[in-house]
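Asker: After the sequence you'll find the predicted model.
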There are 4 protein chains.
Amino acid sequence: MARFLSDNVSGAHPRIVEALLAANDDDHRPYGDDRWSRRLDETFSALFGTPVAVIPCMTGTAANALALSLLAGPVQSVAVHAGSHVYNDECNAPEFFSGARLVPIAGSDGKLRVSDLASFAALKGERHAPQPAAISLAQATETGGVYDCDELAAIGDLARSHGLRVHQDGARFANAVAAIDRPPSELTWKAGSDILSFGATKNGCFMAEAVLLFDPGLAEEARYRAKRAGQLPSKMRFISAQLLAYVADDLWLHNARHANAMARLLAETLAAHRAIEIPELPPANMVFAKMPPDLIARLEEAGLAGYHADGTMRLCTSWITQSADLDRITQALLI
Amino acid sequence: MARFLSDNVSGAHPRIVEALLAANDDDHRPYGDDRWSRRLDETFSALFGTPVAVIPCMTGTAANALALSLLAGPVQSVAVHAGSHVYNDECNAPEFFSGARLVPIAGSDGKLRVSDLASFAALKGERHAPQPAAISLAQATETGGVYDCDELAAIGDLARSHGLRVHQDGARFANAVAAIDRPPSELTWKAGSDILSFGATKNGCFMAEAVLLFDPGLAEEARYRAKRAGQLPSKMRFISAQLLAYVADDLWLHNARHANAMARLLAETLAAHRAIEIPELPPANMVFAKMPPDLIARLEEAGLAGYHADGTMRLCTSWITQSADLDRITQALLI
Amino acid sequence: MARFLSDNVSGAHPRIVEALLAANDDDHRPYGDDRWSRRLDETFSALFGTPVAVIPCMTGTAANALALSLLAGPVQSVAVHAGSHVYNDECNAPEFFSGARLVPIAGSDGKLRVSDLASFAALKGERHAPQPAAISLAQATETGGVYDCDELAAIGDLARSHGLRVHQDGARFANAVAAIDRPPSELTWKAGSDILSFGATKNGCFMAEAVLLFDPGLAEEARYRAKRAGQLPSKMRFISAQLLAYVADDLWLHNARHANAMARLLAETLAAHRAIEIPELPPANMVFAKMPPDLIARLEEAGLAGYHADGTMRLCTSWITQSADLDRITQALLI
Amino acid sequence: MARFLSDNVSGAHPRIVEALLAANDDDHRPYGDDRWSRRLDETFSALFGTPVAVIPCMTGTAANALALSLLAGPVQSVAVHAGSHVYNDECNAPEFFSGARLVPIAGSDGKLRVSDLASFAALKGERHAPQPAAISLAQATETGGVYDCDELAAIGDLARSHGLRVHQDGARFANAVAAIDRPPSELTWKAGSDILSFGATKNGCFMAEAVLLFDPGLAEEARYRAKRAGQLPSKMRFISAQLLAYVADDLWLHNARHANAMARLLAETLAAHRAIEIPELPPANMVFAKMPPDLIARLEEAGLAGYHADGTMRLCTSWITQSADLDRITQALLI
């Protein structure tokens, strides 16, 4: 039992299961020449209201690293938040795929701010330094924050004015869209983003990620790079079928809205304990709670704990979190 | 319909489906800290009769490239057959993961012979040349051949005497074991092989490969390299559960024996047509048939063709091939 | 004493010495912002009759590897002769700098032929294979052969028609130009070559090579890549001054003509011995002589031997070879 | 005229010139098989009082990158000062050669402190993060500071206790040794350092650097890596002869002591102007002077300026700086 540990502990949603099994019915040509994979581009183009090329991937790390390799090369650099997943939790994968350096930008919360990016952008033309090529931001961030449309557009403008490109790590993109409640187009290409790592695994799939290229001219290079990186599965239909089911009938948003709502309920539940402090109501599906060691211990004993450090625990909700889970929190904490 | 195109067109075996769904029942800790992944090492150690460290992978290309990166580094080289998958069909993935050069060795069939490896091994110590570090052979080969124990041991001996290590690309390892009918240990570490890319996808899984390290001392580096390569899935249990079910009760050998037997039947079926020549009875699950253009056309119309070039068609069988499929061949060719 | 071992055993020509010392007279700004380095582009543009961007390098391996990294990337491949220096004697440097694969093309002599390149070019579009991007030929070749204008143009045409680019490893470019006796332009960009590794070290410099870009649009990327590769010396003037002196007043051609002429004399000298066979008169500065073991031993004792294998010895002449050196050969062999 | 811009603007010392010309006297075998190169190991072993393997390099960037590639690999990381040359001025060369990440550590001055390295070392074992493998410090630092023996030993102890290794970027190692006035052994291997990039170019050579391996077991890998990186010059004797002359009769220390002494005089000269502030007396050969824009302008007009930013100018002295140069400063500033 690891319900609140992370959203990656949950299994696949019944509609994803159903889609996977349907794709298992018969033989189909390999390497993306199947009827699920062939529908990816048009499906995501419709979803985002612009031509999109889709590169299915098997992990978020692979998706991010592949995406960045399309925007930055070996004499270049990419600005990232110092607390981001691409910087801290991908074991040099972005550097490996791209050859570029990740430049960590500190910031008060998990977001990149235009003002913090100035010194990065100023290295353009400095012959001894890797050249600024891209900005990679996480939507939602590693601490569950979300960028609104204006914040994204400001980064997009900065990028455009300096000849940089923008990548979004959207491992929890669905939660961000659900939180902001704007069309995905406004949160991506209309705000100046070039590539989105579109996460599906955490929000109801077995294993399915996709690199979405808003500049389809990048697709050919991307497909060869995916192959080179071991991200071209022979039975690609099993990834593609998940992706199609994930966005069909807004399942992705339905799941994310549920997870976000459960996070708010979880925050309220925890805040009801007088020894627990919730510094900020969660916009997405992550709650950070300051609590004393004995409460941490109680949650751990009950199998309800999240990762914690320095007296702050992160708890994640997901598409499968239920009110009974919150009741178990209440019971464990004797609220 | 693409039944004979390749073995990667088939879906997953019912017992693999069942195992996947069982792993979807509840929440489980991520990144391999689940009860399926934790059983991999002991399960494969028992299967091979020696301590084995298991690194699950999502594609055969990733498994091969990861394996080679553990045996050869950036100032080194790896001998491969000129017609092999690692050389021709992995878009520089082995070079990417390892930094080493692949040295293509020509050969009359798809197998590496000790006599062909001498000039490769002789570069040891030549300061201007990448240093020979490993030999990578495919079992079964890209043209469906299999190495017997003596051939493997001869390569193992050559390697040991020159300080080289041996990798096997076992995308179709099950078919080779079924063909040779010897314990897997005799075909691997007892014959001097250090790492096996253990394929499961083609032989009844959705998507599951594993790098098997017969030198468990390589495991720590391997795990970080897997992470760096985007091959550490958060929901690893869905790969691990497939791997466990795949080797449970010899499902892998059962499937492979079936595929091999169907390949022999297919060869006989085709050979019954007087315009078709089968140069060699298939040891594993691949049939090569020389046939005139009109027969190729008929098989293509019937959706029964394999890849073909220069009047020779490759047809693959798999765990799911049935006698009705052979009947359809008979009908299409008016045998 | 190693006079005929290679042309890289010779020292620097007096005019190169003089130029180096002149550049040592005073302080000068670093990293190419000096009056020698600033004249490189115009000097070589004049020499080749077209705009040329010059990237000074310190070794031929670095020049070749840097050049290839501008023409081929990590999902691509480069055709090279199986007996070439870039393939056999640069310890993966081209792969390291570029990420691309070198595809060895066998050939009867050291030259790449259009007919041998067809199967390489045919991989264009094959999704599982590294994509053909460039052809790298050596002028003169590793065995002292030279391409004439027609041969070069044929390769240039092939390249253009397949979207490939052409690199020349010109470690002995001067010897080739001297042998063909045509303007350098006709042997390079007019014949469809995109980049030339222009060697100067072997032909009278201390240490000076240059990557010549006939597409100056590649220069910016090249300069950052040179820096990244440790090929941007702070005191670049000491390389640049050699390069300028090397081409001033046709010193490079003067030296090469001398070396080539001495090679022909050397061949005639050796051929005078009835136990020595010279299969081919040398067009450039390398002689291959078949000789019995006792003659090899005598030359070795006299410090006059070149590299040899299987009873064939390679002897190189250089700008400094003198007739007295030939006399010593005559004496050692008792001709 | 660029006398104070940097120490890399100076030419070669007469004894280095003499050594270079002596090595030009005759033919010699290539690639280090000459009598200068063959003496490097013993010469530097004697100088450091321990077995040292020497890898000559042509630039400091190449030396640093090569050194780091021996201590850290592609799933690892290296702690560096955020203001260091390896981080800011080598355009990803260390990452390129090694595959490792450089982790920038901020600090009040240019030095790494043990207390600042704790969070870096704490990542050991964290599966999602590149693994800490080495610490790279600059001696002297990029701002002219020097580590004393205790500071070095403290870093060495930290490293040993965490299984890390230590590299020193000694582009200005001579200046540091002259400043500390201790034997080079005490400032390197006795203080726990594994590799030193031993700079000679800035302190009186044309172009000569060396990677000094205090663990000679690294030498074989290093030599192949040097070759792969284009750092194995065919006429290596021209680098080796400089290195030998550089350390013969303590020329390196003589030059460095002179430069350091001139820096102190320069600091005093500048401090005599009431509008100029010298925050710190320079231990090595770099002076930082706060001065108003009109004084900066006057120095620039006189060709005596160094790099400056935010009203602080860096001025470097070198082996060739003379008191007449200081007089010119006095005149230009009307002191």
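Answerer: Ah, there it is. Numbering: from 1, shown residues only, chains lettered A, B, ... in the order given.

Asker: Contacts for stretch A:13-21 next, please.
Answerer: A:12, A:204-206, A:208, A:238, A:241-242, A:244-246, A:248, A:251, A:255, A:319-320, B:17, B:20-21, B:24, B:206 (Cβ atoms under 8 Å, 6 or more residues apart in numbering or on different chains). (Each C-beta comes from the backbone N, C-alpha and C, glycine too.)

Asker: Check stretch A:172-189 too.
Answerer: Under Cβ under 8 Å, 6+ apart, the answer for stretch A:172-189 is A:7, A:47-50, A:139-140, A:144, A:146-149, A:152, A:168, A:170, A:193, A:196-200, A:202-203, A:212, A:214, A:252-253, A:255-257, A:259-260, A:283-285.

Asker: Could you tell me which of those count as buried?
Answerer: A:7, A:47-48, A:139-140, A:144, A:146-147, A:152, A:168, A:170, A:193, A:196-200, A:202-203, A:212, A:214, A:252-253, A:255-257, A:259-260, A:283-285 (16 or more other Cβ atoms under 10 Å in any protein chain shown).

Asker: So residue A:96 sits against residue D:74, correct?
Answerer: Yes. Applying Cβ atoms under 8 Å, one finds residue A:96 in contact with residue D:74, separated by 6.4 Å.

Asker: per-residue confidence for the residue of the stretch 1-150 of chain A found nearest chain B?
Answerer: Here the residue of the stretch 1-150 of chain A nearest chain B is residue A:62; by Cβ to the nearest Cβ that distance is 2.7 Å. Residue A:62 carries a pLDDT value of 98.

Asker: List the contacts of it.
Answerer: Contacts of residue A:62 (Cβ under 8 Å, 6+ apart): A:93, A:209, A:229, A:231, B:229, B:230, B:231.

Asker: any common contacting residues for residue A:96 and residue D:74?
Answerer: B:228, D:99.

Asker: The one helix or strand residue A:261 maps to and chain B, any residue contact?
Answerer: If you go by DSSP states H and E, residue A:261 is part of helix A:251-271. No. Residues of helix A:251-271 contacting chain B under Cβ under 8 Å from any Cβ of the partner chain: none, with a closest distance of 13.5 Å.

Asker: repeat for stretch A:199-208
Answerer: Yes. Applying Cβ under 8 Å from any Cβ, one finds stretch A:199-208 in contact with chain B at A:201, A:202, A:206, A:207.

Asker: Would you enumerate the residues in contact with the closest residue to chain B within the stretch 151-300 of chain A?
Answerer: Among all residues of the stretch 151-300 of chain A, residue A:230 sits closest to chain B, at 2.7 Å; criterion: Cβ to the nearest Cβ. Taking Cβ under 8 Å, 6+ apart, we find residue A:230 in contact with B:57-59, B:61-63, B:65-66, B:93, B:97, B:229-231.

Asker: For it, which non-adjacent residue is closest in space?
Answerer: Leaving aside its chain neighbours, residue A:230 sits nearest to residue B:62 (2.7 Å; criterion: Cβ to Cβ, 6 or more residues apart in numbering or on different chains).

Asker: from the middle of its chain, how far away would the helix or strand harbouring the one you found be?
Answerer: For residue B:62, the host element (DSSP H and E) is helix B:60-71. Relative to the centre of its chain, helix B:60-71 is centred 12 Å away, using Cα atoms, centre = their mean, to the nearest Å.

Asker: got the contact list for the most centrally placed residue in chain A?
Answerer: Nearest to the geometric centre of chain A sits residue A:171, at 1.4 Å (Cα atoms, centre = their mean). The neighbours of residue A:171, taking Cβ under 8 Å, 6+ apart as the test, are A:60, A:85, A:138, A:197, A:199, A:201, A:202, A:209.

Asker: Let me have those in CSV, adding secondary structure and distance to residue B:312 as columns.
Answerer: Below are those laid out as CSV (DSSP: H, G, I helix; E, B strand; the rest coil; distance: Cβ to Cβ, whole Å):
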residue, secondary structure, distance to residue B:312
A:60, helix, 43
A:85, helix, 49
A:138, strand, 51
A:197, strand, 43
A:199, strand, 44
A:201, helix, 42
A:202, helix, 47
A:209, strand, 39
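
Asker: Just give me the closest of these to chain D.
Answerer: Of the contacts of residue A:171, the one sitting nearest to chain D (Cβ to the nearest Cβ) turns out to be residue A:85, at 8.6 Å.

Asker: Tell me who's in contact with the residue nearest to the closest one when sequence neighbours are not counted.
Answerer: Leaving aside its sequence neighbours, residue A:85 sits nearest to residue A:142 (Cβ to Cβ, 6+ apart; 5.2 Å). By Cβ under 8 Å, 6+ apart, the contact set of residue A:142 is A:81, A:83, A:84, A:85, A:88, A:110.

Asker: any idea how far residue A:86 is from residue A:142?
Answerer: 9 Å (Cβ to Cβ, to the nearest Å).

Asker: Please tell me I have it right and residue A:145 contacts residue A:281.
Answerer: No. Residue A:145 is beyond contact range of residue A:281, at 11.5 Å (criterion: Cβ under 8 Å).

Asker: and the two? which has more neighbours close in?
Answerer: Between residue A:145 and residue A:281, counted using other Cβ atoms under 10 Å in any protein chain shown, the more crowded position is residue A:145 (20 against 11).

Asker: Contact partners for the residue nearest to that one when sequence neighbours are not counted?
Answerer: Counting by Cβ to Cβ, 6+ apart, residue A:110 is the residue found nearest to residue A:145 once chain neighbours are left out, at 5.1 Å. By Cβ under 8 Å, 6+ apart, the contact list for residue A:110 reads A:81, A:83, A:84, A:138, A:141, A:142, A:143, A:144, A:145.

Asker: 6 Å instead?
Answerer: A:81, A:83, A:141, A:142, A:143, A:145 (Cβ atoms under 6 Å, 6 or more residues apart in numbering or on different chains).

Asker: can you check residue A:163 too?
Answerer: Listed by Cβ under 6 Å, 6+ apart, residue A:163 has no contact partners.

Asker: how near is it to residue A:238?
Answerer: 39 Å.

Asker: ok, now residue A:66?
Answerer: Note on residue A:66: its distance to residue A:238, by Cβ to Cβ, is 19 Å.

Asker: Repeat that for residue A:10.
Answerer: 19 Å.

Asker: And residue A:4, by the same measure?
Answerer: 29 Å.

Asker: more crowded one of these two?
Answerer: Between residue A:4 and residue A:238, counted using other Cβ under 10 Å, the more crowded position is residue A:4 (30 against 27).

Asker: tell me the contacts of that one?
Answerer: Contacts of residue A:4 by Cβ under 6 Å, 6+ apart are A:304, A:306, A:315, A:316.
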